[in-house]
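K.L.:
Let's see this in three dimensions:
(2 chains)
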Amino acid sequence: MKSLISGQNTLLNSTQLTVTLTCDIGANWQQSDIDPLIFLLTQQDKVRCDEDFIFYNQPTTPNHSIALKTQTNTAIIDVNLDLLDEAIQKIVFCLAIDGEDTFRQLTTLKLSIENELDYIIELDQRTEKSLILGQCYRYKDQWKFRALGQGYNQGLYPLVVSYGVEVEDHGDNDTPLTEPAPEEEKNIASPTEPHKNDSTTPDVVEEPQEEEELALNLEDDPSIEEEPIKEADYTEKYQRLDKSVLSRSAVLRPLLIPFKSNLEKYQLSGAQFHIAFVLEATHSMSYQFIGKNTQVMLSRTLLAAEYFNENGEMELWAFAERCKKYQNVTLDNQENYINNLQSQKGKSLFSSAFSVLPNLGIRNNEVPVMEEVLETFKDSTIPVVVVFITDGHITQTDGIRQILTQSTNYPIFWKFIGLCGSDYDLLEELNKGNDPFIHNTHFFRIDHFRKVSNNNFYDNLFIGIKDWLEKQKTCN
Amino acid sequence: MAVNLTKGGNVSLTKEAPSIKDVMFGLGWDARATDGQAFDLDASAFVVNDAGKVLSDASFIFFNNKTSTCGGVEHQGDNRTGEGEGDDEQILIHLDKLDPAAKKVVFTVTIYDADARKQNFGQVSNAFIRAVNVADNKEIARYDLSEDAAVETAMIFGELYKHNDEWKFKAIGQGFAGGLSALASNFGVNI
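P.N.:
Numbering: from 1, shown residues only, chains lettered A, B, ... in the order given. Sure, this is the predicted structure:
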């Protein structure tokens, strides 16, 4: 087995490779994550498309020429060089650190290719947060491997940019999508009370097309033409709402009628509760941020918070791997709220690359944010409805179930909204009402964002709340 | 005719470039994209006598001594990062201006401060050296340093040598340890 030094290259004996990256973390390691990344590069040292870039959220190429598996402090990459397109001249094996550490805080770092070579990377006095360990490359009709051990102090971002990965642009924007068939407005999730057994499974429809800028989807719902008949008691409340909106965030005006008409429908005009907002900001959500879908969801929910919350302010948490509570959303800051969140500079530039919001990481990790929300509101004297936006890919089923069960001891209702995602797991399951303990949740999914009008949104938002509020009263 | 040398390759051109008058020795490499100290490659030339030693200290042409006394060797300037397309450093040789005592001009390339910076040619992208016949702008030889001198920090690329009053080029491609000062000592320069 050949041992390489940095810069050295060697011929490979086989085209079927098992590449293993291993490291040992030192005593000073500050709990950063180390992520393996593999790039398939052309002659120009660039990726051609998103599929040429392998990491944990995309662990294989479409034809499995590359397959990544990760374990603690180890990554195993199976490589079949014969399956690579001719245009691909190099495969680069990299690591990026997400957190406060640099590679200097490791005690060992090694790349080995079974039956071929190994390469122990010097770590002395390193300052990098991302490293190119080595590359397989074509040389005169053969494959060779070159050991490198060079990288970037700023971590992931300069690494991916150097290979032509476009960080702002999500691949979906480029795909032409068919025009959805025009159809009547209908509820995506039919209004189902949480405790009945006849919930319908909504159809999964295509992602919205991106041909025009997704402007704030706040158009008036054409099916509602006049102010709904309201109980005399709430006229003043409605007027106050109208006045606030028109003077402080007039862009929300088209929401007023759909909001109020659903208040009437669900008899919530006089209800007393508080609304908070939790927003998933994992990598898979990035399209929702770019397409302004999250801003629309925020704006719609904020209107409800303006009506219900005592000072009109709505607490907001965002989460990916980590969670964070941000400044409260109000009528005054709501319009650019999401933009402002995204433009905050993160501490490490890992944030700029894939995480949608600085410093939160990339992956789903629902439990901590739910714990924080629980902690915040468990002593609330007013019932709290937590609007929780997620695109699914739920894996922490047990953890989430546990928190939901715990929160039945507190005045907290979880309104989960699935935003253009999948694998909603127990969130959807709980709608059936079969869980013996958990009756404080409701879930609806939005599969085709443009098809869900403001009216649909509020219709679904209010499902289950009145019943739950009434139960709260009787229990207290 | 360009010959891509592989390590240890040795090409002697007697027919292809029979009357070389002006030779350009070009050195190129990609500037470092990753973080860390820049790759500073240096082209040098030694005008040596029969015994393989420099005619005088002034016959060692490098970034601090750019022109030989006879005017036959001109170093075009030191590039410290590799920024720029094509050749990043060039040494121009006017063979008919060389001191009559000159029997060989040896071309070398070294990485500046390689040991302290822990650098070798393999870490540098697209590093090459070449010799060009200025008369027809044709490459006489080219060596891929990044690929074939990967673990080296210095190397002797080749030499122009006089044979029966005719100059010829011999490609060598031999690595050398110890950097430029060791190379210079080797050719009899007083350091």
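K.L.:
For the stretch 251-400 of chain A, which segments count as helices?
P.N.:
A:256-265, A:286-290, A:293-308, A:337-343, A:350-353, A:366-377, A:397-407 (DSSP state H, counting those that start in this stretch).
K.L.:
same question, chain B
P.N.:
B:114-117, B:145-148, B:179-186 (DSSP state H).
K.L.:
so can I have a markdown table of the ones you listed showing mean neighbour count?
P.N.:
From N, CA and C alone the C-beta is placed, and that goes for glycine too. Below are these laid out as a markdown table (neighbours: other CB atoms under 10 Å in any protein chain shown):
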| stretch | mean neighbour count |
| --- | --- |
| helix B:114-117 | 15 |
| helix B:145-148 | 22 |
| helix B:179-186 | 18 |
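K.L.:
Of all those, which one is nearest B:Asp87?
P.N.:
Taking CB to CB, helix B:145-148 is the member of the helices of chain B nearest to B:Asp87, at 13.1 Å.
K.L.:
Which neighbouring elements make contact with the closest one?
P.N.:
Applying 3 or more CB pairs under 8 Å, 6 or more residues apart in numbering or on different chains; DSSP states H and E, one finds that helix B:145-148 contacts strand B:128-133.
K.L.:
Mind listing the strands the strand it packs on pairs with, and their directions?
P.N.:
Strand B:128-133 has the following sheet partners, assigned by DSSP bridges: strand B:22-28 (antiparallel), strand B:138-144 (antiparallel).
K.L.:
Tell me which of those is the most buried.
P.N.:
Ranked by mean neighbour count, those are led by strand B:22-28 with a mean of 22 (mean count of other CB atoms under 10 Å in any protein chain shown).
K.L.:
Just give me the neighbour total for A:Ala250.
P.N.:
The local packing of A:Ala250 (other CB atoms under 10 Å in any protein chain shown) involves 11 other residues.
K.L.:
residues contacting it?
P.N.:
If you count contacts by CB atoms under 8 Å, 6 or more residues apart in numbering or on different chains, A:Ala250 has none.
K.L.:
Reformat the strands paired with strand B:128-133 as JSON lines; add mean pLDDT.
P.N.:
JSON lines is the format used below for the strands paired with strand B:128-133 (pLDDT from 0 to 100):
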{"stretch": "strand B:22-28", "mean pLDDT": "93"}
{"stretch": "strand B:138-144", "mean pLDDT": "89"}
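K.L.:
Generate CSV for these, with distance to B:Asn120 as supplementary columns.
P.N.:
As requested, the strands paired with strand B:128-133 are exported to CSV (distance: least, CB to CB, whole Å):
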stretch, distance to B:Asn120
strand B:22-28, 16
strand B:138-144, 14
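K.L.:
picking that back up, can I get the helices of chain B in JSON lines including mean pLDDT?
P.N.:
Output for those, formatted as JSON lines (pLDDT from 0 to 100):
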{"stretch": "helix B:114-117", "mean pLDDT": "92"}
{"stretch": "helix B:145-148", "mean pLDDT": "93"}
{"stretch": "helix B:179-186", "mean pLDDT": "90"}
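K.L.:
Can I get the ones you listed in a markdown table including distance to B:Asn164?
P.N.:
Below are these laid out as a markdown table (distance: least, CB to CB, whole Å):
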| stretch | distance to B:Asn164 |
| --- | --- |
| helix B:114-117 | 39 |
| helix B:145-148 | 32 |
| helix B:179-186 | 27 |
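K.L.:
just to revisit the earlier point, to A:Asp141, which of the strands paired with strand B:128-133 lies closest?
P.N.:
Between the strands paired with strand B:128-133, strand B:138-144 lies closest to A:Asp141; by CB to CB that is 15.7 Å.
K.L.:
Can I get the closest one in CSV, CA atoms only?
P.N.:
Extracted in CSV, the C-alpha atoms of strand B:138-144 (Å, rounded to 0.1, in the frame of the first residue of the first chain):
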residue,chain,number,x,y,z
LYS,B,138,8.1,26.2,-31.9
GLU,B,139,8.4,24.3,-28.6
ILE,B,140,11.5,22.2,-28.4
ALA,B,141,10.5,20.5,-25.2
ARG,B,142,8.0,20.7,-22.5
TYR,B,143,7.9,19.2,-19.0
ASP,B,144,4.8,18.8,-16.9
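K.L.:
The residue lying closest to A:Arg300 once chain neighbours are set aside and A:Ile463: what is the separation?
P.N.:
Counting by CB to CB, 6 or more residues apart in numbering or on different chains, the nearest residue to A:Arg300 once its immediate chain neighbours are dropped is A:Phe457, at 5.3 Å. Distance, A:Phe457 to A:Ile463, by CB to CB, to the nearest Å: 11 Å.
K.L.:
mind checking how far whichever residue of the stretch 1-150 of chain A sits closest to chain B is from A:Thr108?
P.N.:
Residue nearest to chain B within the stretch 1-150 of chain A: A:Gly7 (2.8 Å; CB to the nearest CB). Distance from A:Gly7 to A:Thr108, counting by CB to CB: 20 Å.
K.L.:
try A:Pro158
P.N.:
25 Å.
K.L.:
Contacts only, for B:Arg32.
P.N.:
A:Gln150, B:Ala38, B:Phe39, B:Thr81, B:Gly82, B:Val124.
K.L.:
what do you get if the cut-off is 10 Å, keeping everything else the same?
P.N.:
Counting by CB atoms under 10 Å, 6 or more residues apart in numbering or on different chains, B:Arg32 makes contact with A:Gln150, B:Ala38, B:Phe39, B:Asp40, B:Thr81, B:Gly82, B:Glu83, B:Gln119, B:Gln123, B:Val124, B:Ser125.
K.L.:
For the closest residue in space to the third one that isn't next to it in sequence, grab phi and psi.
P.N.:
Closest residue to B:Phe39 in three dimensions, ignoring its sequence neighbours and counting by CB to CB, 6+ apart: B:Val124, at 4.6 Å. In terms of degrees, to the nearest 10, the main-chain angles of B:Val124 are phi -90, psi 140.
K.L.:
go on, the one 10 residues further on?
P.N.:
Phi and psi for B:Val134, reported as degrees, to the nearest 10, are phi -60, psi -30.
K.L.:
Give me every residue in chain A lying close to chain B.
P.N.:
Selection of chain A residues close to chain B by CB under 10 Å from any CB of the partner chain yields A:4-10, A:45, A:122, A:124-132, A:137, A:139-140, A:144, A:146-154, A:158-159, A:162.
K.L.:
switch to 6 Å and redo it
P.N.:
Within chain A, the positions adjacent to chain B are A:Ser6, A:Gly7, A:Gln8, A:Asn9, A:Gln150, A:Gly151, A:Tyr152, A:Asn153, A:Ser162 by CB under 6 Å from any CB of the partner chain.
K.L.:
all strands of chain B, in order?
P.N.:
Along chain B, counting by DSSP state E, strands occupy B:4-5, B:12-13, B:22-28, B:41-48, B:60-61, B:73-75, B:89-94, B:104-111, B:128-133, B:138-144, B:154-163, B:166-175.
K.L.:
Same list, those, but as CSV with distance to A:Ile257 please.
P.N.:
Below are those laid out as CSV (distance: least, CB to CB, whole Å):
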stretch, distance to A:Ile257
strand B:4-5, 76
strand B:12-13, 88
strand B:22-28, 69
strand B:41-48, 72
strand B:60-61, 85
strand B:73-75, 80
strand B:89-94, 74
strand B:104-111, 73
strand B:128-133, 71
strand B:138-144, 72
strand B:154-163, 79
strand B:166-175, 81
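K.L.:
Ignoring the adjacent residues along the chain, who's closest to the residue of the stretch 1-150 of chain A closest to chain B?
P.N.:
Ranked by CB to CB, 6+ apart and with sequence neighbours excluded, the top spatial neighbour of A:Gly7 is B:Gly122, at 2.8 Å.
K.L.:
can I assume that neighbour is in contact with A:Ile5?
P.N.:
No. In this structure, B:Gly122 is not within contact of A:Ile5 by CB atoms under 6 Å, at 8.4 Å.
K.L.:
And the two? Which one has more around it.
P.N.:
B:Gly122 (24 against 17).
K.L.:
what's the distance between that one and A:Leu117?
P.N.:
Counting by CB to CB, the gap from B:Gly122 to A:Leu117 is 14 Å.
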